[in-house]
Every structure is written in C-alpha cells, then in structure tokens.
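Undergrad: Below is the structure, and that's it, no one-letter string:
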C-alpha cells in the first residue's frame, strides 16, 4: 500500500512539474515583438481594455516594440495615436483583435506561442 501511495505521489509531482508555465527571456520576447512587426501583424485594442492590458503584460517591456513598430492599433479616439476609422474598416468588435498578414484573425487574449505560430515566428523558450 505504501508503494502505491509513493507511486501516486511521484506521478502527481511529475504532472505538476509538467504544467509549469513557460518562461520567456527578454530577448525571446523582443524577438517575437519584432517578428510580429516584420510579418505585418496588427493588434487592435483600446487603452481602457482589461484584456488588452493582460495581453500587454504578457510581453513585458517588449511591448514597447509592439507600440513603436505599430503592431498595436488604438481604436478609441480618446487614446494615444488613435485610428478609429481603421478599426471600423476592419470591423473590430472586441479587443484585443489580432490580424495576421494572411487575413486570419484571433480575438481575445492569446498565449504567445499561439501568436508566434499563427504569424510564422519562432520564440525560444525556457522551461
């Protein structure tokens, strides 16, 4: 019986260790941000949007590149460098709304691996 408990405990530890979040380095996040810009990916959002803030937090300081390289498009006319006409033209209804160069779209907060895969970018990860 003790062996069974020990085996179950070991399995649980391995499962928990395998579910740990993926960690990205500053360099890998910078690389992804630049690749998204190079691939002409757009993120439509609004300065007041909590999901946009969550997405921004996932990039950390590398989100500066997202803004500087104009991946991020502000849809609210009250925001910084707004482009509400473009958002209307693109029929953006929810934020964030990611648009890829092939015309596909993903709405809502996306994990970084999904964004990388959809855009055709690679990001090295540390586990």
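TA: Looks like it arrived, so ask away. Treat the numbers as computed from the prediction; the structure is a model and nothing was measured.
Undergrad: State the distance from the residue nearest in space to the middle of the chain to residue 36.
TA: Nearest to the mean C-alpha position of the chain, counting by C-alpha atoms, centre = their mean, stands residue 112 at 4.1 Å. Residue 112 sits 10 Å away from residue 36, taking C-beta to C-beta, to the nearest Å as the criterion. Quick note: C-beta positions are derived from backbone N, CA and C, even for glycine.
Undergrad: Give me the number of neighbouring residues for residue 105.
TA: Applying other C-beta atoms under 10 Å, we find 14 residues neighbouring residue 105.
Undergrad: low-scoring pLDDT stretches of the protein, where are they?
TA: Where the chain drops to pLDDT under 70, the residues are 1-23, 124-127.
Undergrad: cutoff 50 now
TA: For the chain, the stretches flagged by pLDDT under 50 are 5-6, 8-10, 12-20, 126-127.
Undergrad: Run through the helices of it in chain order.
TA: 2-18, 26-38, 50-59, 63-68, 84-89, 112-119 (DSSP state H).
Undergrad: Identify the residues contacting residue 115.
TA: 32, 36, 41, 98, 106, 121 (C-beta atoms under 8 Å, 6 or more residues apart in numbering).
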